[in-house]
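Trainee: Could you look at this predicted model? Sequence included:
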Amino acid sequence: MENLYIWFYTTARKHKGVPYIIENRSLSDVFTAKKDEGMGKWSDYNPTKDGFPPRDSRLKFPKDLFFIVQKEKEILLDFMPYHNNLMIISDVFLDYLKEQKIDLNFEIANLKVVHRNGLELKVDKKYFAIRIGKFDDELFDLDQQSKKRAAGSRDFFLYPNLKLKIKNIERDLFFLNELWYSEALILTEKGKEEVKKRFYSPEIYKAEDYPLAFNNQLNINYLPEIQ
């Protein structure tokens, strides 16, 4: 079976222009200098419970949002998980998702990137927030026999033998709703090489190494090799 890889940002490895640390970034419907108003009712959306697209109009994803950063002086990222099914992406990464024919699997909002002090940051790309509504869990075998417990989680696990159920699938990246995989991107071998060639500073691990990377994400001395 084909080897799989996981794009996942650990806390220990720093990437200039990628505000992955939770305390250093936020999304907000409304923003004034040094104060954001937080996210509206749409943030309560659960795709499993509420359907996709959401049936309740109050849960509809906004067309425009503020992406507020605390410390970064510039934003360089192409892909960054935000929280659960929310991702921050660049226009060039959006093009890649369209090439993969999965752009109907999410909602999208335009982002205005600002610093906490109220100044708009200069960026060389256009940025978006996407909210995943359709996931690919059914395409994967999690292999319960080899599962490893996720650090700090009594009842949740990681799967070093993660495999696709289907051979020769015509896609190279996937989104999972499985806890501790929902803030990562699953890649095939071809997808890994494409990402490394086209996008800024990806942090990619072998699927078999992901439990080690996840469980040691605060300690760079124990992290496996980046691919």
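Mentor: Received it, and whenever you're ready, just let me know what you need.
Trainee: Could you tell me which strand of this protein is the longest one?
Mentor: Longest strand in the chain, counting residues (DSSP state E): strand 106-115.
Trainee: Buried ones in that strand, by neighbour count?
Mentor: For strand 106-115, a neighbour-count test (16 or more other CB atoms under 10 Å) marks 106-107, 109, 111, 113-115 as buried. C-beta coordinates here come from the backbone N, C-alpha and C atoms, glycine included.
Trainee: Contacts only, for the nearest residue to V195 once chain neighbours are set aside.
Mentor: Nearest non-adjacent residue to V195, counting by CB to CB, 6 or more residues apart in numbering: P202, 5.1 Å away. Residues in contact with P202 (CB atoms under 8 Å, 6 or more residues apart in numbering) are 7, 78-79, 195-196.
Trainee: Kindly reformat the buried residues of strand 106-115 as a markdown table containing distance to K16 and pLDDT.
Mentor: Below are these laid out as a markdown table (distance: CB to CB, whole Å; pLDDT from 0 to 100):
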| residue | distance to K16 | pLDDT |
| --- | --- | --- |
| F106 | 27 | 96 |
| E107 | 29 | 96 |
| A109 | 25 | 98 |
| L111 | 19 | 97 |
| V113 | 15 | 95 |
| V114 | 19 | 92 |
| H115 | 16 | 90 |
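Trainee: Poorly predicted segments of this structure, please.
Mentor: 1, 34-37 (pLDDT under 70).
Trainee: the domain parsing of it - what is it?
Mentor: 4-13+136-222, 22-132 (automatic domain parsing).
Trainee: which residues sit in contact with F214?
Mentor: The neighbourhood of F214, defined by CB under 8 Å, 6+ apart, consists of 8, 150-151, 158, 180.
Trainee: May I have stretch 190-204 as PDB, with CA atoms only?
Mentor: Provided in PDB are the C-alpha atoms of stretch 190-204 (Å, rounded to 0.1, in the frame of the first residue of the first chain):
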ATOM      1  CA  LYS A 190       2.800  12.500  -4.800                       C
ATOM      2  CA  GLY A 191       1.000  15.000  -2.700                       C
ATOM      3  CA  LYS A 192       4.000  15.300  -0.400                       C
ATOM      4  CA  GLU A 193       6.400  16.100  -3.200                       C
ATOM      5  CA  GLU A 194       3.900  18.600  -4.700                       C
ATOM      6  CA  VAL A 195       3.500  20.400  -1.400                       C
ATOM      7  CA  LYS A 196       7.200  20.600  -0.800                       C
ATOM      8  CA  LYS A 197       7.700  22.000  -4.300                       C
ATOM      9  CA  ARG A 198       4.900  24.600  -4.300                       C
ATOM     10  CA  PHE A 199       4.200  25.800  -0.800                       C
ATOM     11  CA  TYR A 200       5.900  27.700   2.000                       C
ATOM     12  CA  SER A 201       7.600  25.800   4.900                       C
ATOM     13  CA  PRO A 202       5.500  22.600   5.200                       C
ATOM     14  CA  GLU A 203       6.200  20.400   8.300                       C
ATOM     15  CA  ILE A 204       5.600  16.900   7.000                       C
END
